[in-house]
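need coordinates for the below:
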Amino acid sequence: MTVKIAVFVGSLRKESYNLKTAKALLTLAPKPLRLEIVKIGNLPLYNQDFDDEGMPPAEWTAFREQVKAFAGLLFVTPEYNRSVPGVLKNALDVGSRPYGKSVWGGKPGAVISVSPGAIGGFGANHHLRQSLVFLDIPAMQQPEAYIGSAAQLFDSNGAITNEATREFFIKFMNAFAAWVTKNAQKP
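Got it, this is the predicted structure:
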């Protein structure tokens, strides 16, 4: 049985190390996981008035419906100013509303932070985890994934050039597959 996993990339840059990481993870995911990148860059900023008036933007409605179809969630994020990029926070907000109709609740998740810097997006990783607790997304605790020095990890085609990183990604994805299997909601 295939288990669909939504992948959310917190960077919109076309040459983003986070996008390269997400694409690498697509190829390294073990069975039964099938990862799919869910685009979040087109979501209008969340404004509760649209939900209160029963007129949410079409992009919100499509996003909410799309996320409902996934059994698990993988967040790949850079760090902006020691926190989560606004585009990713906005996606969390859109998916969590209207109140009582969150698309996130109970779906197992994991966080990978990726940065060209040495500390690998530690601040963003932990800020995101705080939001996941509130959203009732049980987040995998180990192995933690702070990917630093990302500029040295990929070739010009986005392939992983560092074997230790590749091995870590495989270990991470195997642990995530076990986490999803253990925590996925039964139909």
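
how close does the residue nearest to the spatial centre of the chain sit to residue 13?
The chain has residue 75 as the residue nearest its centroid, 1.5 Å off, counting by C-alpha atoms, centre = their mean. With distances taken as C-beta to C-beta, to the nearest Å, residue 75 is found 17 Å from residue 13. C-beta here means a position set from N, CA and C on the backbone, and glycine is covered the same way.

repeat for residue 71
For residue 71 relative to residue 13 (C-beta to C-beta), the value is 29 Å.

pick out whichever of the two has more residues nearby.
Ranked by neighbour count (other C-beta atoms under 10 Å), residue 71 and residue 13 place residue 71 first, with 22 against 10.

mind listing what that one touches?
Residues counted as contacts of residue 71 (C-beta atoms under 8 Å, 6 or more residues apart in numbering) are 3-5, 107-108, 180, 184-185.

with residue 155 instead?
Counting by C-beta under 8 Å, 6+ apart, residue 155 touches residue 161.

pLDDT wise, what is it at?
As predicted, residue 155 sits at a pLDDT of 91.

sort out which residues of the longest helix belonging to the chain are buried, please.
The single longest helix within the chain, with elements called by DSSP state H, is helix 163-183. Neighbour counts over helix 163-183 (16 or more other C-beta atoms under 10 Å) mark 165, 169, 172-173, 175-177, 179-180, 183 as buried.

tell me the one of these nearest residue 124?
Among the buried residues of helix 163-183, residue 172 lies closest to residue 124 (C-beta to C-beta), at 16.9 Å.

might one say that that closest one is in contact with residue 145?
Yes: under the criterion of C-beta atoms under 8 Å, residue 172 makes contact with residue 145 at 5.6 Å.

got any residues that touch both of the two?
110, 112.

any idea how far residue 131 lies from residue 111?
In this view, residue 131 and residue 111 are 10 Å apart by C-beta to C-beta.
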